[in-house]
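Visitor: Pasting the sequence and the predicted coordinates here, then a few questions.
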Amino acid sequence: MTIHIGADKDDIADVVLMPGDPYRAKWAAETFLTNAKCVHEVRGMFGFTGMWNGNRVTIQGSGMGMPSMSIYANELIRDFGVQTLIRIGSCGGMQPHVKVRDVILAMTASTVGTPSSTIFKELNFAPCADYGLLAAAAEAAKSMDVDVHVGGIYSSDTFYDERPDLNKEMQRHGILGVEMETAELYILAARYGRRALGVMTVSDHLLTGEALPADQRESSFGDMIEIALTAAFA
Ligand SMILES: O=P(O)(O)O[C@H]1O[C@H](CO)[C@@H](O)[C@H]1O
Ligand SMILES: O=c1cc[nH]c(=O)[nH]1
């Protein structure tokens, strides 16, 4: 049990899926897992543990933004011994060929800064996905006939952006989408020798202004969850 995760150590599986939205965690657990049990609800940031295809899985909300992700990922890794962490998030599309509801597999996550920036100082560390998870997720998406893109994403510190020039530079350099957590997840996985991947569904588009409503962001992104589960146990 930690300050932010009120579960016993045995309640958390070795594989954890992490949506930003705790209600996406609830929906995913109820939809994809058998015998899903809510293992804690500290701050309403639910954790559920259940079975998928004979494998034990936890789905734990991360909250929004890298400081929140850092708290949950640190505790999952350091206190609960979690080995595989897969973000199942939403993101904004940044390229014309990336459409709303497409799935993005984040090979890398560029940032302005993360909670870990203070330790890197002048270094520009390159946060990247675990290759095995990335390859397995790409294979799963292909076999499911999902519209998937593999490439770089941008993990922003802000949702309401006062620096539109940063998004423009990311777009100019081929970045596929923007979200707010993956870079710090990749850095923590690298630091502690764990496997991590960011799988995101495009919920809105920076070029077209399209945007899905909150209820669809919570409970309709099933393809990415199936991709994440398949990759975790490939
Ligand atoms: O839908 P989630 O997983 O929370 O992800 C995205 O949505 C939130 C912003 O609305 C940020 O957390 C961003 O990363
Ligand atoms: O962080 C996010 C998430 C979804 N859409 C965005 O534009 N940004």
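Guide: Cool, the structure landed. Residues are numbered from 1 along each chain as shown. Ligands and ions are numbered 1, 2, ... in the order given.

Visitor: Give the buried residues for stretch 105-116.
Guide: 105, 106, 107, 108, 109, 110, 111, 114, 115, 116 (16 or more other Cβ atoms under 10 Å). Where C-beta positions appear, they are placed from N, C-alpha and C, glycine not excepted.

Visitor: from what I can see the fifth one touches residue 189, true?
Guide: No: proximity of residue 109 to residue 189 does not meet the contact threshold set by Cβ atoms under 8 Å, at 11.2 Å.

Visitor: what's the helix or strand for residue 185?
Guide: According to DSSP states H and E, residue 185 maps onto helix 182-192.

Visitor: For whatever residue of the chain ends up closest to ligand 1, give its distance to residue 60.
Guide: For the chain and ligand 1, the shortest gap (Cβ to the nearest ligand atom) falls at residue 20, measuring 2.0 Å. Separation of residue 20 from residue 60 (Cβ to Cβ, to the nearest Å): 11 Å.

Visitor: Which residue of the two possesses the greater neighbour count?
Guide: Legend: neighbour count by other Cβ atoms under 10 Å for residue 20 and residue 60, higher for residue 60 (30 against 22).

Visitor: who's in contact with the more buried one?
Guide: With contacts defined as Cβ atoms under 8 Å, 6 or more residues apart in numbering, the neighbours of residue 60 are 5, 12, 16, 17, 18, 25, 45, 46, 47, 48, 72, 76.

Visitor: Show me those that map onto helices.
Guide: 25, 72, 76 (DSSP state H).

Visitor: Could you pick out the residues of this protein near ligand 2 for me?
Guide: Residues of the chain that fall close to ligand 2, judged by Cβ under 6 Å from any ligand atom: 90, 91, 92, 159, 178, 179, 180, 203, 204.

Visitor: and the closest residue to the third one other than its chain neighbours, what element?
Guide: What that stands for is residue 92. Distances taken as Cβ to Cβ, 6 or more residues apart in numbering put residue 178 closest to residue 92, at 4.7 Å, once the chain neighbours are dropped. Assigned by DSSP H and E, residue 178 belongs to strand 177-179.

Visitor: farthest residue from the center of this protein?
Guide: Centroid-distance maximum for the chain: residue 122 at 26.5 Å, with Cα atoms, centre = their mean.

Visitor: Phi, psi for the closest residue to residue 212 other than its chain neighbours please.
Guide: With Cβ to Cβ, 6+ apart as the criterion, residue 212 has its nearest non-adjacent residue at 4.9 Å, and that residue is residue 203. The phi/psi pair for residue 203 (degrees, to the nearest 10) reads phi -100, psi -20.

Visitor: Let's see which of the contacts of residue 60 end up in strands.
Guide: If you go by DSSP state E, the contacts of residue 60 have 16, 17, 18, 47, 48 in strands.

Visitor: per-residue confidence for the most centrally placed residue in the chain?
Guide: Central residue of the chain (Cα atoms, centre = their mean): residue 87, 1.9 Å from the mean position. pLDDT recorded at residue 87 is 98.

Visitor: can you check residue 161 too?
Guide: 85.

Visitor: helix or strand for the nearest residue to it once chain neighbours are set aside, which one?
Guide: Leaving out its chain neighbours, the residue that sits closest to residue 161 by Cβ to Cβ, 6+ apart is residue 167, at 6.4 Å. Element membership for residue 167 (DSSP H and E) is helix 164-172.
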